[in-house]
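# predicted model and sequence below, questions to follow.
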Amino acid sequence: MADQQLSAPSRVPSGIRHVNHDHRRGYVKIGNHLAQHRQLSLAAIGLAAHIQSLPTGSKVTIKALAARFPEGEVRIATALRELERYGYLARFQERLPTGRVVTCTISYNNPPAMAEASREQRLPPRRPEPMPTPRPDPDPEPEPRPGPHREPEPAPAPAPAPAPAPETVTPEAESEARELLARLRLRDPRLTLSERDAVRLAPAAAEWLERGVTPSAVTAALSRSLPAVPIHSPAALLAHRLREQLPPRLPDPRAPHPAGPDLTVHPLRTCDGCELAFRSPAPGRCRSCTPPPTAGTATTAA
């Protein structure tokens, strides 16, 4: 009598199993570069998915997001900074016709594709020109007959050589300038530079930094009041602005100043509460969002 053979039950996988159904409406496409990002936190990934699902013109301020989700303003502000760091979000200040400065936000759904398109703009390697075929020496021309004396025409003046890079530019400033130029496309995609153009323009941008201009001020000078027409050569436009708008050097601070010391002007910051621009030596909240001092710390006049 043959032994009875029992088949073992199929093993059920222990990982995730998907039950998918096509979306007919109300959906947004999220790339795996975002959903499986190795450096972003879960809060930042979820916030990016929510922002990409919103229609154009929706408010994405810290206060508006805190009113929508249970996370607090501090956690939402941290997630927004993460998305800025990895290119999924860009925030910058813009002055309205009324004079008020507001924060504008741009969402990028595919930063890796933008970086790849920037790399593809590099010029292809130049092919070597073929050597010309040697030709036999022509017969010598007869000597010209003597005639009226003429002055020889002057030779054309040589083209001016490009201005050399300033000697005061340090490698650190030039590296910071290359990064600044590469990030201009976050302000306006028309300012996307190839790596070759960024390296070529870096010494001129580094000269601005060496003269005491903050990186945010350099970025604003290069990206404000852009023409409404398509920009065919962003490198030429930026080179013109870097050359023509170069600020003068500041005087030596050790030299005597007849009017006393200069007033310290702090850079513009984005308020972590209302996202309005304000001047402060360090990031944080503006005066309107700063809580008033408690009764225990308040001082009374004698």
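Thanks, I have the structure now.

# show me where this protein dips below the pLDDT cut-off.
Low-confidence segments of the chain (pLDDT under 70): 1-13, 118-168, 252-263, 292-302.

# hey, which helix is longest across it?
The longest helix of the chain (DSSP state H) is helix 195-210.

# counting by contacts, list what that helix packs against.
Other helices and strands packing on helix 195-210, by 3 or more CB pairs under 8 Å, 6 or more residues apart in numbering; DSSP states H and E, are helix 171-182, helix 215-223, helix 234-244. The way it works is simple: take the backbone N, C-alpha and C, and place the C-beta from them, glycine included.

# redo that, cut-off 10 Å
In terms of contacts (3 or more CB pairs under 10 Å, 6 or more residues apart in numbering; DSSP states H and E), helix 195-210 is packed against helix 111-120, helix 171-182, helix 215-223, helix 234-244.

# could you list the buried residues of it?
Under the neighbour-count criterion of 16 or more other CB atoms under 10 Å, helix 195-210 has Asp197, Ala198, Leu201, Ala202, Pro203, Ala204, Ala205, Ala206, Glu207, Trp208, Leu209, Glu210 buried.

# now stretch 242-249
Leu242.

# what's that stretch in contact with?
With contacts defined as CB atoms under 10 Å, 6 or more residues apart in numbering, stretch 242-249 is touched by 163, 168, 177, 181, 201, 203-208, 210-213, 217-218, 221-222.

# try 7 Å
Outside stretch 242-249, the residues that touch it by CB atoms under 7 Å, 6 or more residues apart in numbering are Leu201, Ala204, Ala205, Glu207, Trp208, Arg211, Val213, Ala221.

# widest-spaced pair of those?
Spanning the widest gap among the contacts of stretch 242-249 are Leu201 and Arg211, at 16.1 Å by CB to CB.

# ok, now which ones touch the spatially most central residue of the chain?
The residue lying closest to the centre of the chain (CA atoms, centre = their mean) is Arg183, at 1.7 Å. The neighbourhood of Arg183, defined by CB under 7 Å, 6+ apart, contains no residues.

# how far away is it from Leu193?
As judged by CB to CB, to the nearest Å, Arg183 and Leu193 stand 10 Å apart.

# distance of Leu268 relative to Ala79?
22 Å.

# neighbour-wise, which of the two wins?
Neighbours per residue (other CB atoms under 10 Å) separate Leu268 from Ala79, with Ala79 holding more: 23 against 16.

# show me what the helix or strand hosting the more buried one is packed up against.
Per DSSP states H and E, Ala79 falls inside helix 73-85. Secondary-structure packing of helix 73-85 (3 or more CB pairs under 7 Å, 6 or more residues apart in numbering; DSSP states H and E): helix 42-52, helix 62-68, strand 89-95.

# report the inter-axis angle for the first one versus strand 89-95.
Read it as helix 42-52. Angle of helix 42-52 versus strand 89-95, following axes from the mean of the first three to the mean of the last three CA atoms, to 10 degrees, is 60 degrees.

# okay, buried residues for helix 42-52 please.
The neighbour-count check on helix 42-52 (16+ other CB under 10 Å) flags Ala43, Ala44, Ile45, Leu47, Ala48, Ile51, Gln52 as buried.

# before we move on, what about stretch 84-93?
Tyr86, Gly87, Tyr88, Leu89, Ala90, Arg91, Phe92, Gln93.

# pipe these into CSV and attach distance to Asn109 per row.
Shown next, in CSV, are these (distance: CB to CB, whole Å):
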residue, distance to Asn109
Tyr86, 13
Gly87, 11
Tyr88, 8
Leu89, 11
Ala90, 13
Arg91, 16
Phe92, 19
Gln93, 23
